[in-house]
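My questions concern the predicted model and sequence given below.
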Amino acid sequence: MRWRDIDRDGPRNHGGATLFDSLGGAVERRAGEGQFLGMEFLHVEARTIINSLPARSRLPFRHTINAYRGCSHACSYCFARPSHHWLDLDIDEGFERQVVVKVNAVERLRAELAPRRWAGEPIAMGTNTDPYQRCEAIYGLTRGLIEVLVAAGNPFSVLTKSTLVVRDLELLADAARRTEVSINLSIGTLDPEVWRATEPGTPHPRRRLEVVERLREAGVRCGVLVAPVLPGLSDGVDQLDDVVAACVDAGASSISGGQLVYLKPGTRQVFLGHLARTHPHLVERYEAWYPGVYAPGDERRRVHRLLEDAIRRHRGTRVALSRNRATGAGPRRPVSRPSEPPSAQLELGL
Ligand code: SF4
């Protein structure tokens, strides 16, 4: 089994053995120390680092890099949690505490960007793990990857919830002068109680807004992805209005999002388990709202309208359906599924 196959599609063809088993001695386990006490880092050598999605994919990006797997930001709703299951790792606390580190990510990227192999298409980071999660402070893989992308003049995007991105301020400013760069902070809510309950490992959302401001001051356009929105927790008119007002104040270059959380198998169990501890009165309502993966269409449209209205109120200017700058340099076709509201990629160009 090649690491590339794990990255793309999950547990195919591994014949019952764990995927780590199939990597043999390639996994080196490192116990976290100091501020990382209680964490474990699983060092692996990736066969390839650029992951190319199938042409049929509806996602707004074609190529991705995820140098880590698992995420200490510990969002209870994280859609990437089930990918730990493919490695026979726990998708609840294990996803937050056992982080796979592709230690050769930078050297792989340098090789894969060779002109004869690569046509210079945009690459998205932050699609399956946060590239600036806490351990990036020690491994520096995201920084190394960006250095390689900048040297190659290759367009890229970064989506993060972390303030650590300001460490790379100068590098990103340089990148923005040399190629197309899209940076987005993910801020679904400013409600401190909801933040603590659902994103316990992330920096406070107000600190993320400071990052937007810092990047703007450094000449790097930075947008905000207001997602996911959590029904009954962060979908109030005032809550969404507060987020939009703060984004505008911070000088966000775009505001996109408004998607209600989607709860695929695995994520659903973890999320509802957390909810039972933090907001038990909402569990039954979630079970009714989510007979499947998505919230009902009318709810999704309602929340999109709220976000759209908030943007209009605070900018009083144009609201455009547009490509999703949060995660890529532009979709090849609209991202919304047939049953989703047409404003799934709501974005305000500022
Ligand atoms: S920051 Fe992103 S990848 Fe990390 S736990 Fe939260 S949703 Fe998942």
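Perfect, thanks for sending it.

measure stretch 291-298 end to end?
Using C-alpha to C-alpha, to the nearest Å, the end-to-end distance of stretch 291-298 comes to 14 Å.

Could I get the average pLDDT for it?
Across stretch 291-298, pLDDT averages out at 94.

pretty sure Glu170 is in a helix, no?
Yes: looking at Glu170 with DSSP: H, G, I helix; E, B strand; the rest coil, it is inside a helix.

mind listing what it touches?
Applying C-beta atoms under 8 Å, 6 or more residues apart in numbering to Glu170 gives the contacts Ala218. From N, CA and C alone the C-beta is placed, and that goes for glycine too.

pLDDT at it, what is it?
97.

cool, and Gly201?
At Gly201, pLDDT is 98.

That one - how many residues pack around it?
For Gly201, the neighbour count with other C-beta atoms under 10 Å is 16.

Okay, and it sits in which element?
Of the helices and strands defined by DSSP states H and E, none includes Gly201.

Identify the residue nearest it in space, chain neighbours excluded?
Among residues not flanking Gly201 along the chain, Ala74 sits closest, at 3.7 Å (C-beta to C-beta, 6 or more residues apart in numbering).

what do you get for Glu121?
The nearest residue in space to Glu121 (C-beta to C-beta, 6+ apart) is His63, at 5.7 Å.

In contact with the one you found: list those residues for me.
Counted by C-beta under 8 Å, 6+ apart, His63 has contacts Ile50, Asn51, Ser52, Leu53, Glu121, Pro122, Ile123, Ala124.

go with 6 Å
Ile50, Ser52, Glu121, Ile123 (C-beta atoms under 6 Å, 6 or more residues apart in numbering).

out of these, which one sits closest to Gln259?
Ile123 (22.4 Å; C-beta to C-beta).

mind checking pLDDT for the closest one?
Each residue has a pLDDT score; the one for Ile123 is 98.

what's the nearest residue to Gly266 once chain neighbours are set aside sitting at in phi/psi?
Spatial nearest neighbour of Gly266, excluding adjacent residues (C-beta to C-beta, 6+ apart): Pro82 at 3.4 Å. Main-chain torsions, Pro82, degrees, to the nearest 10: phi -60, psi -20.

ok, back up a step: does the residue nearest to Gly201 really touch Phe95, like I thought?
No: using C-beta atoms under 6 Å, Ala74 is not in contact with Phe95; the gap is 7.9 Å.

Next up, the contacts around whichever residue of the stretch 201-350 of the chain sits closest to the ligand.
Using C-beta to the nearest ligand atom, the closest approach of the stretch 201-350 of the chain to the ligand is made by Thr202 at 6.2 Å. For Thr202, the contact set (C-beta under 6 Å, 6+ apart) comprises His73, Lys161.

Mind doing that once more with 10 Å?
Neighbouring residues of Thr202 by C-beta atoms under 10 Å, 6 or more residues apart in numbering: 71-75, 130, 133-134, 160-163, 186-187, 195-196, 208.

which of those residues are close to the ligand?
Applying C-beta under 6 Å from any ligand atom to the contacts of Thr202, one finds that Cys71, His73, Ala74, Cys75, Asp130, Lys161 fall near the ligand.

how about the fifth one, secondary structure?
Assigned with three-state DSSP, Asp130 falls in the coil class.
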